[in-house]
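> What shape does this take:
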Amino acid sequence: MVKNAYVVILVLIFLGCGSIKVIPVKNDFGSSGKVLNEKEAGVRFYRPSLHVWISYETPSDKINFEEQSESADKVTKKKVISTAIKSYKATFVMLPDFAQEYIIKWRPGIFGSVTPKFTLYEGWNLSGFESTINTGMTAAFTASLQGIATAPISGLGFGPIEKEPTFKGAGIYRMEFDKETKNWKLGPLVFKLEEQTK
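Sure, this is the predicted structure:
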């Protein structure tokens with residue numbers, strides 16, 4: 001009888017504590033985790049994925065041009081020939097990785113309150129987390145988020161874009177990290193951009 005009473009008390013304490021959870025979500029893009037319905041409460045976010053936007057850079061009209069003269073029947077004609085080499089401009093951007101979706105869920109308890117405070121950069125990227133739970137578990141919970149929050153980017157380095165095996169012209173490419181060289185490399189093309197030339 002006494003043992004059962006202790007069990008009931010422990011269950012009530014457990015259920016009465018406030019909590020914050022970060023839960024992986026299952027979706028149609030490859031993310032695995034909990035199946036959620038559309039109306040389920042919580043704040044969803046995605047892990048960031050490094051991409052590069054490669055665009056064609058049109059040369060200036062005032063450089064890399066030369067004049068040639070052609071003579072035919074004593075009439076001299078002049079034409080302008082461009083000697084400019086096609087070049088590309090690369091801009092690194094962070095886009096959501098839809099294959100890594102999460103949801104933040106919290107609930108206050110009888111024996112503890114929850115104060116959620118977090119920052120979603122551009123509405124999808126968890127870039128800051130300062131929520132507190134007054135049960136003394138804040139430090140442990142913050143540590144569990146270190147592998148989810150955005151990490152600094154380092155080790156960007158690859159050769160000429162044209163020599164990359166996956167390069168297919170201007171567009172948006174996913175960047176992939178090479179564990180052997182410890183550098184990022186050009187990954188698959190995810191969006192093709194039309195090149196505009198003069």
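> Where is the longest strand in the chain?
strand 87-107 (DSSP state E).
> Which other helices and strands does that one contact?
For strand 87-107, the helices and strands in contact under the criterion 3 or more Cβ pairs under 8 Å, 6 or more residues apart in numbering; DSSP states H and E are strand 19-25, strand 43-57, strand 125-129, strand 171-178. The C-beta positions use only the backbone N, C-alpha and C, and glycine is treated the same way.
> Lowest average confidence across these, which one?
Mean pLDDT per stretch puts strand 125-129 lowest among the helices and strands packed on strand 87-107, at a mean of 80.
> Now do the buried residues in that strand.
For strand 125-129, a neighbour-count test (16 or more other Cβ atoms under 10 Å) marks 125-126, 129 as buried.
> so Ala90 bridges to which residues?
Note on Ala90: beta-bridge partners Ile54, judged by DSSP bridges.
> least trustworthy helix or strand in this structure by mean pLDDT?
Here the helix or strand of the chain ranked lowest by mean pLDDT, DSSP states H and E is helix 138-144, holding a mean of 42.
> just to revisit the earlier point, ok and the longest strand of the chain relative to strand 171-178, angle-wise?
Using axes from the mean of the first three to the mean of the last three Cα atoms, to 10 degrees, one finds that strand 87-107 and strand 171-178 are set 70 degrees apart in direction.
> Show me the shaky parts of this structure.
1-18, 58-86, 109-114, 131-162, 195-198 (pLDDT under 70).
> Might one say that Thr166 is in contact with Leu186?
Yes. Using Cβ atoms under 8 Å, Thr166 makes contact with Leu186 at a distance of 5.2 Å.
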